[in-house]
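1. Here is my input; please provide its structure:
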Amino acid sequence: MAYDDENIFAKILRGELPCHKVYEDDLTLAFMDIMPRADGHTLVIPKAKAVNMLDVEPDDLCDLMRTVRRLAPVVKEAMEADGILIQQFNEAAAGQMVFHIHFHILPRWEDQKLRPHRAEMEDADVLAANAEKIRAKLEEMG
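-> Residues are numbered from 1 along each chain as shown. You can find the predicted model right below:
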């Protein structure tokens, strides 16, 4: 599958669509999922063009994973979660819906089930508040 420059994450990277940004560096961007499966559901994407794990350049994947590793404990602490689920899907048959490689960081609590995938859009104020919690914890934890 060829990379599609019109996918939603490419549009976010170009500034054509807004996002609730959590973190950004020269190589990656992290932002709130607008249809979260759990409060604090964060997406991490590379700025490099890649559809998924099957075509991403190894160095780009390493950069992406550094950001996932940096943010996972921050998201857990910020959301006061019991654990963290990291997900990554490859191809439609495996559940991939946006064809720009990305990782999901999902806070998990012992007594809560995940909401259905693509269930409903979260209120923008809730997303903004969760993004702020995570950014504040990132600043605190370094």
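2. Do a quick rundown of the helices in the protein.
-> For the chain, the helices defined by DSSP state H occupy 8-13, 58-78, 124-141.
3. which non-adjacent residue is nearest Q88?
-> F103 (4.9 Å; Cβ to Cβ, 6 or more residues apart in numbering). C-betas here are computed from N, CA, C, even on glycine.
4. what is that neighbour paired to in the beta sheet?
-> Beta bridges link F103 to V44 when assigned by DSSP bridges.
5. these two touch, right, it and N90?
-> No. Between F103 and N90 there is no contact, the gap being 11.6 Å when judged by Cβ atoms under 8 Å.
6. Between these two, which has more neighbouring residues?
-> A count of neighbours by other Cβ atoms under 10 Å puts F103 above the other of F103 and N90, at 21 against 16.
7. gap between the nearest residue to L85 once chain neighbours are set aside and P58?
-> For L85, ignoring the flanking residues on the chain, the nearest one in space by Cβ to Cβ, 6+ apart is L106 at 4.2 Å. The gap separating L106 from P58 is 25 Å, by Cβ to Cβ, to the nearest Å.
8. Nearest residue to the middle of the protein?
-> Taking Cα atoms, centre = their mean, the centroid of the chain lies closest to L43, which sits 0.4 Å from it.
9. re the thing from before, dump the helices of the chain into TSV; add distance to Y23 and mean pLDDT as well.
-> What follows is these, written out as TSV (distance: least, Cβ to Cβ, whole Å; pLDDT from 0 to 100):
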stretch	distance to Y23	mean pLDDT
helix 8-13	14	98
helix 58-78	6	98
helix 124-141	6	98
